[in-house]
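Visitor: next comes the sequence, and after it the predicted model I'd like to discuss.
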Amino acid sequence: MSLSQPVVDTSPSVSDEVRKTTCYMCACRCGINVHLKSGKVSYIEGNRDHPINKGVLCGKGASGIKQITAPSRLSQPLRRVGPRGSGAFEPISWDEALELAVAWMKPLRETAPEKLAFFTGRDQSQSLTGFWAQGFGTPNYAAHGGFCSVNMAAGGIYTMGGAFWEFGAPDWERTKMFVLFGVAEDHDSNPIKIGIGKLKDRGAKIVSVNPIRTGYNAVADDWLPVTPGTDGLLILSLIHCLLEAGKVDLGYLAQFTNAAYLVDSTDGPTKGLFVKNAESQPFVIDRRTGMPAPWDGKGVEPDLGAVWQGHRTVFQHMAERYLSPDYAPETVAAAVGIPAARIRGLAADLARVAFDEAIVLDREWTDFRGNVHQTMPGRPVSFHAMRGISAHSNGFQTARALHLLQIVLGAVETPGSWRMKPPYPKPVEAHPTPHFEAVPGKPLSGPHLGYVRSPEQLALKADGSPARIDKGFSWENPFSAHGLMHMVIPNAAAGDPYRIDTLFLYMANMAWNSSMNTEKVMEMLTAKGEDGEYVIPRIIYSDAYASETVAYADLILPDTTYVERHDCISLLDRPISEPDAAGDAIRWPVVEPDRDVRGFQSVLIDLGARLGLPGFVTPEGKPLYRDYADYIANHQRRPGVGPLMGFRGNGDLTGRGAPNPDQVQRYIENGSFFQAHVPEEAAFYKPWNAAYQDWAVAMGFYESPQPYLFSIWSEPMRRFQLAAEGHGHPQPPDALRERLKVAMDPLPLWYPPYGETAGAAYPIHALTQRPMHMYHSWGSQNAWLRQITGKNYLYVPTKIWREQGFRDGDWARVTSPSGTITVPVAHMAALNENTVWTWNAIGKRRGAWALDKDATEGTKGFLLNHLINELLPEQGDGMRWSNSDPVTGQAAWFDLRVRIERVEPQAIVQPNFPTLPFPGGRA
Amino acid sequence: MTQLPATTAKKLGLVIDLDTCVGCQACVTACKGWNDQGYGVPLSDQSPYGSDPSGTFLNRVHSYEVQPEAGPAQIVNFPRSCLHCEDAPCVTVCPTGASYKRAEDGIVLVNEDACIGCGLCAWACPYGARELDAAAGVMKKCTLCVDRIYNENLPEEDREPACVRTCPTGARHFGDFADPTSHVSRLAAERGGFDLMPEMATKPTNKYLPPRKKAAPDEASLLAPLLDVQATGFAGWLDRVLGKI
């Protein structure tokens, strides 16, 4: 053959048009360029200008093209015709569907609004859905944070007025050491990957603390295979080492935290609260005078070592607790599964980088006390954690412990450490408290979700029973800032605390992988009372795809895919800010739906108008908004402040300004996002930086500057502890007193996760995580992604593999205190020796998601959910509490304990369920 | 037999950093997406929603567990695609001349019009980098995005392979190994870039950067206690620590 080469066209036309919108293949919200050829999506790539992903895109994002054409897309509204769970539906028109929904809901609003429970799953429009529920007047609203990562959010807010993920990020440009606790591939996806790439470029050290060495842990320089549920103990041991060596940032603690507040030592109802002055303000002792001085007084030098009238500072309480030998590495090593020398080594590394390799930016700034600082010193140590430490029954206190570690190192909001993203920092006091009083025909008096500061703010009825169906903000979980979506169906089925009529769900797979005890939840959804009616009488569900939950609804409102809709990623909700800029974004229909489906938010606005909800109708009762796009541009939450911050007024105002009818179009022209940059002198020390506070007010985040001190000692928690000790009103039920006394400790502590009560018969920890290419992805039926991961194994560590005599191809029977599954196993060495795990949500119910009945997701894929009860074992008093964190109600997925035994290879996993038909049949 | 060019003016290829790759599959699906609508026939999928889905991918990522002699087990994520070898056995084995190595830049391509789908090249490739598309019956392989890297319809910054453009951790680098000053040449030199299976004498153009040595913490640097807290009591500790302010 000759060397004559074919001529290759190296400059083919790429596409007819590029439309820029926002990805929704997970919760990360990257900017995407959607290429169109002949009106159809031909290619999706990252938007280089976008602040979140800067051009890159993950495995999910690039596969979005298959989500748009997936056969599992619903195509029309459906009304159930067979028994619930059978999947038998008939198509109906949108008018019929909406009128039916109104016919069910309107009488509830007029008589008992709490009988509507509206819970949204992977909802990115919570400022709308919450506003709608508030207008309806039901207290029963939340999104999915309760079964996701509320411990991280609440632990952060209560401690430092910000948390990981959308609230903050490591200073990737400057940090020299990054410590990652637990599975964190979920939040957030591309920014962490980009950040890890930057650290690798600079040779910065990455340490992973995780029972499982997959994903980001694979590239870590050091790996500590911690025992699940003991991260808090490990962290407090690190704090012990730092205190013991005097390696804590005393100046930072004195100036920026409540370490210098005095803790009341008087026995009685004020014990453990802060000593207050005549203006009911906590104060500090000024080192210059030895006298009390305002905490925010100009020039005041708070004294960490002060003792005043017998009251000692928070710093002394803190140091005394963690210097105790109880937290020595040698004491905790066996429990955490890490040798003492390794714990001491990590503490030494942290101290070396934070203090010996400190960095200084030459930027002048003025603090809230009026003191001018010539430079911005920084501690280049950063941390990240998410569900790994969060999804335990001690997760809230563990999150608090991790933030305390950051704080004692001076590694929050300083250069090189970890930085908050606007509108954070935002102290607990700047958040609403929960609103929950249902009045027929009236809206709720305020937002549902908030941050409780004291027992009288709990969502309790006059008789002391929970006001919310999920028992959110009750004594069982006082700080449940995101609600408890995982308890809604069990509680509604049990009529505890009361019965509901209509369950309205959006984008939440509660009949499958988003519920604990899945098989029982299916039974609850189909259970009938003595009258022959369903115990949960009506279920309305909106989803874009034929998920398992569709089969359990009575009315289906089919949603669009993410490229066919408007959406708003708002500063009122969960924006896309970065530490140096506030950011928000939209989605818009880059292609029109080819089915009879409607974006859920537009449907909700339509329903709001049909129901005459305040905020959705004009004074004459006419619809206020045409659709979601109209709402995005014209809704005002406060005068001048709406869902989007950019292009307000005539298009030239940012943050505050009159609604602009062209706003959505201006966003589209701008790549579907907007950024407002934090001034340079305001970029660090934000909670205390006067320039930042002024900028935040100008932006409309709050109405006046809100400087505050970090809460090493949490006074709200102490108030609950006092209640448990018998002080004040209201009082907790006696059965919860002991648990509250421990869990509501005002200083971070560690206690064994409640899963330990399973006992010696269940010696093995069992965890789940989702693969990076599917995390938060709405349906892993994606044609490309399921070729990468279409079934899952239970991964077994070497020790157990050998003990059980496992061989390749074996299966195992896995038993927990509440269930048994039979599943395929595989060996993995890079794993904590007492832990098994699997990929979550690969397993599908057969027939769901428009997969063939023999698809591997249904025959070889499985869930651990069947092993996890939504209730803890009975405590001897006849009461069964939710399997959740006692502070926040976060679902304690990772407390699970099991035993396993080898079985011969099987044809199909157990349990298995009848194959679902495609809802409404094939068009 | 098909001849290889004696030399190529450029040696375009990839540096893949195994110390940075987290195995996220971004390069896999970005590649699939671009090439499904790019050079040659689409990358088909068979039974995409069935019990045994399969399809054509030009780039796949595998994760391997490595147990070093000392220390804990490690996971290495290993992206695999055509290495654009200088002595490419897939080219010399091709009976029709469909497989060829471009003289100007060293990219190994398949001229699909001439491909008879005999599969010899896939057998010859020691890396398993070629996949016969089951629908079209022609051999598919990484083109180094030959329809992107010179494409004047793309902004200049986008003229790189789709896998490189999308990689979130920046673990993939594209450039000319014939130029010793290029980014990829320097990376390979500085980080010990290695050839995959050098014993096969294929002279791969692509280089892999090895995982950096995972150092154990230096126990000699452990923190010295400020003083013996047990002996002095908390008060002694407090005096000492606050004396440092």
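Guide: Structure's in. What do you need? Residues are numbered from 1 along each chain as shown, chains lettered A, B, ... in the order given.

Visitor: tell me how far the one helix or strand in chain B whose mean pLDDT sits lowest lies from the chain's centre.
Guide: Within chain B, no helix or strand scores below helix B:229-242, which has a mean of 85 by mean pLDDT, DSSP states H and E. Put simply, helix B:229-242 sits 55 Å off its chain's centre (Cα atoms, centre = their mean, to the nearest Å).

Visitor: that one and chain A in contact?
Guide: Yes - Helix B:229-242 reaches chain A (Cβ under 8 Å from any Cβ of the partner chain) through B:Val229, B:Gln230, B:Phe234, B:Trp237, B:Leu238, B:Asp239, B:Arg240, B:Val241, B:Leu242. The way it works is simple: take the backbone N, C-alpha and C, and place the C-beta from them, glycine included.

Visitor: so, low pLDDT: which residues of chain B?
Guide: Residues of chain B meeting the criterion pLDDT under 70: B:1, B:214-221, B:244-245.

Visitor: and the helices in it, which stretches?
Guide: Assigned by DSSP state H, chain B shows helices spanning B:26-36, B:89-92, B:120-124, B:146-149, B:162-166, B:183-190, B:229-242.

Visitor: pick the most deeply packed of those helices.
Guide: For the helices of chain B, average neighbour numbers computed from mean count of other Cβ atoms under 10 Å in any protein chain shown are highest in helix B:26-36, which has a mean of 28.

Visitor: hmm, who's touching that helix?
Guide: Residues outside helix B:26-36 that contact it (Cβ atoms under 8 Å, 6 or more residues apart in numbering or on different chains) are A:43-45, A:56-63, A:65, A:773, A:784-785, A:788, B:42-43, B:55, B:57-61, B:79, B:81, B:140, B:142-143, B:145, B:148, B:161-168, B:172.

Visitor: cool, and stretch A:568-582?
Guide: A:22, A:29, A:51-52, A:124-128, A:166, A:168-169, A:171, A:419-423, A:583-587, A:628, A:632, A:637, A:641, A:643-645, A:655, A:673, A:675-678, A:683, A:699, A:701.

Visitor: okay, how far is it across it, tip to tip?
Guide: Stretch A:568-582 has its terminal residues 15 Å apart, counting by Cα to Cα, to the nearest Å.

Visitor: which strand or helix spans the closest residue in space to A:Met645 that isn't next to it in sequence?
Guide: In space, and not counting its chain neighbours, A:Met645 is closest to A:Gly655: 5.1 Å by Cβ to Cβ, 6 or more residues apart in numbering or on different chains. Using DSSP states H and E, A:Gly655 sits within no helix or strand.

Visitor: pLDDT score for A:Gly655?
Guide: Note on A:Gly655: pLDDT of 95.

Visitor: and the gap between it and A:Phe368?
Guide: 21 Å (Cβ to Cβ, to the nearest Å).

Visitor: okay, those two: which has more neighbours?
Guide: A:Phe368 (22 against 19; other Cβ atoms under 10 Å in any protein chain shown).

Visitor: and stretch A:162-170, how far apart are its ends?
Guide: Note: stretch A:162-170 ends 13 Å apart using Cα to Cα.

Visitor: dump the residue contacts of the residue of the stretch 501-650 of chain A found nearest chain B.
Guide: Closest to chain B within the stretch 501-650 of chain A is A:Ala546: 11.4 Å, counting by Cβ to the nearest Cβ. By Cβ under 8 Å, 6+ apart, the residues touching A:Ala546 are A:Ser72, A:Arg73, A:Leu74, A:Ala848, A:Trp849, A:Ala850, A:Leu916, A:Phe918, A:Pro919.

Visitor: and what of A:Pro77?
Guide: A:Pro91, A:Ile92, A:Ser93, A:Trp94, A:Glu96, A:Ala97, A:Leu555, A:Ile556, A:Leu557, A:Pro558, A:Asp596.

Visitor: my read: the fourth one touches A:Asp596, true?
Guide: In other words, A:Trp94. Yes - at 7.0 Å, A:Trp94 counts as touching A:Asp596 under the criterion of Cβ atoms under 8 Å.

Visitor: helices and strands around the longest helix along chain A, which ones?
Guide: Of all the elements of type helix in chain A, the one with the most residues (DSSP H) is helix A:94-111. Where contact means 3 or more Cβ pairs under 8 Å, 6 or more residues apart in numbering or on different chains; DSSP states H and E, helix A:94-111 is packed against strand A:78-80, strand A:116-120, strand A:502-506, strand A:538-543, strand A:555-558, helix A:600-610.

Visitor: what parts of the stretch 751-900 of chain A come near chain B?
Guide: Close to chain B, as judged by Cβ under 8 Å from any Cβ, the stretch 751-900 of chain A has residues A:771-773, A:781, A:783-788, A:790, A:828-831, A:850-852, A:854-856, A:859.

Visitor: look up phi and psi at the nearest residue to the residue of the stretch 501-650 of chain A closest to chain B once chain neighbours are set aside.
Guide: The spatial neighbour of A:Ala546 that comes closest, neighbours along the chain excluded (Cβ to Cβ, 6+ apart), is A:Ser72 at 4.6 Å. A:Ser72 adopts backbone torsions of phi -80, psi 0, taken as degrees, to the nearest 10.

Visitor: verify the stated contact: A:Ser72 with A:Gly847.
Guide: No - using Cβ under 8 Å as the test, A:Ser72 is too far from A:Gly847 to be in contact (10.6 Å).

Visitor: give me the common contacts of these two.
Guide: In contact with both A:Ser72 and A:Gly847: no residue, using Cβ under 8 Å, 6+ apart.

Visitor: and the residue nearest to A:Ala546, how many neighbours?
Guide: 21.

Visitor: now do A:Phe136
Guide: A:Phe136 is flanked by 28 other residues according to other Cβ under 10 Å.

Visitor: ok, now how distant is B:Val108 from B:Cys31?
Guide: The value you get for B:Val108 to B:Cys31, if Cβ to Cβ is used, is 16 Å.

Visitor: all strands for chain B, in order.
Guide: Along chain B, counting by DSSP state E, strands occupy B:12-17, B:45-46, B:54-55, B:59-66, B:74-81, B:99-101, B:108-110, B:131-132, B:139-140, B:172-176, B:207-209.

Visitor: report the contact partners of residue 65.
Guide: Unless you meant another one, I'm taking chain A. Contact analysis of A:Ile65 by Cβ under 8 Å, 6+ apart lists A:Val41, A:Ser42, A:Tyr43, A:Ile44, B:Gly33.

Visitor: if you could check chain B rather than the one you did, that'd help
Guide: Contacts of B:Glu65 (Cβ under 8 Å, 6+ apart): A:Met828, A:Ala829, A:Ala830, B:Ala73, B:Gln74, B:Ile75, B:Val76.

Visitor: wait, the second one sits on A:Thr798?
Guide: To tie it back to what came earlier, the one meant is A:Ala829. Yes - in this structure A:Ala829 lies within contact range of A:Thr798 using Cβ under 8 Å: 5.1 Å.

Visitor: neighbour count: these two, which is higher?
Guide: A:Ala829 (18 against 15).

Visitor: got the buried residues for the lengthiest strand in chain A?
Guide: Scanning chain A for the strand with the most residues, using DSSP E, yields strand A:819-827. Using 16 or more other Cβ atoms under 10 Å in any protein chain shown as the test for burial, strand A:819-827 gives A:Gly819, A:Ile821, A:Thr822, A:Val823, A:Pro824, A:Val825, A:His827.

Visitor: helices of the stretch 751-900 of chain A, start to end?
Guide: Using DSSP state H, counting those that start in this stretch, the helices of the stretch 751-900 of chain A run over residues A:785-788, A:798-803, A:856-859.
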